[in-house]
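Peer 1: Provided below are the primary sequence and the corresponding predicted coordinates.
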Amino acid sequence: TGFHKVAADAGSVKRALLCHGPLVAGSATQVHDFLIVGWNDTMTFPDWNTTGGWIRKNSWGIGYGTKGYGNLPYDHPFTDFVNETYWVEV
């Protein structure tokens, strides 16, 4: 019946995931939309020398990442999606 914008901060995105997830997200940097389905504060990203990130489902099919799912560090440039994240009311 509608969509609702999530405030542009990690805490609000996590709260919206718990209450309304999964969330529709769009990255202007990546010029791509995807679903945010969760997060993991303990996963490590050695290439980025950081810990913690988002779990996303990509629209590119099961050939992407792990059967269509991937992880994105909190401080990755693609996390600009927090500026364009929505939950959908059905």
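Peer 2: That came through, no problem. Numbering: from 1, shown residues only.

Peer 1: Distance of the residue nearest to Ile62 when sequence neighbours are not counted relative to Ala10?
Peer 2: For Ile62, ignoring the flanking residues on the chain, the nearest one in space by C-beta to C-beta, 6 or more residues apart in numbering is Gly68 at 4.7 Å. The C-beta positions use only the backbone N, C-alpha and C, and glycine is treated the same way. Gly68 is 23 Å from Ala10, where distance means C-beta to C-beta, to the nearest Å.

Peer 1: do Gly70 as well
Peer 2: Plainly put, Gly70 is 18 Å away from Ala10 if you go by C-beta to C-beta.

Peer 1: cool, Pro22 as well?
Peer 2: Distance of Pro22 to Ala10, computed by C-beta to C-beta: 16 Å.

Peer 1: So which residues of the chain form helices?
Peer 2: Taking DSSP state H, the helices of the chain run over residues 10-20.

Peer 1: could you list every residue that touches the residue nearest to Ile62?
Peer 2: Neighbour list for Gly68: 57-58, 60-62 [criterion: C-beta atoms under 8 Å, 6 or more residues apart in numbering].

Peer 1: what's the answer for Thr42, then?
Peer 2: 51-52.

Peer 1: Strands of the protein, residue ranges please.
Peer 2: Here the chain has its strands, by DSSP state E, at 2-5, 23-27, 32-45, 50-58, 69-73, 85-89.

Peer 1: Spatially, and excluding backbone neighbours, which residue is closest to the spatially most central residue of the chain.
Peer 2: Of all residues in the chain, the one closest to the mean position by C-alpha atoms, centre = their mean is Ile36, 3.4 Å from it. Distances taken as C-beta to C-beta, 6+ apart place Leu23 nearest to Ile36, at 4.5 Å, with adjacent residues excluded.

Peer 1: Quick check, the one you found in contact with Asp33.
Peer 2: No. Here Leu23 does not reach Asp33: they are 10.9 Å apart, not a contact under C-beta atoms under 8 Å.

Peer 1: Looking at these two now, which is surrounded by more residues?
Peer 2: Between Leu23 and Asp33, counting by other C-beta atoms under 10 Å, Leu23 is the more crowded of the two (23 against 13).

Peer 1: quick one, what contacts that one?
Peer 2: With contact set as C-beta under 8 Å, 6+ apart, Leu23 has these partners: 6, 13, 16-17, 35-36, 85-87.
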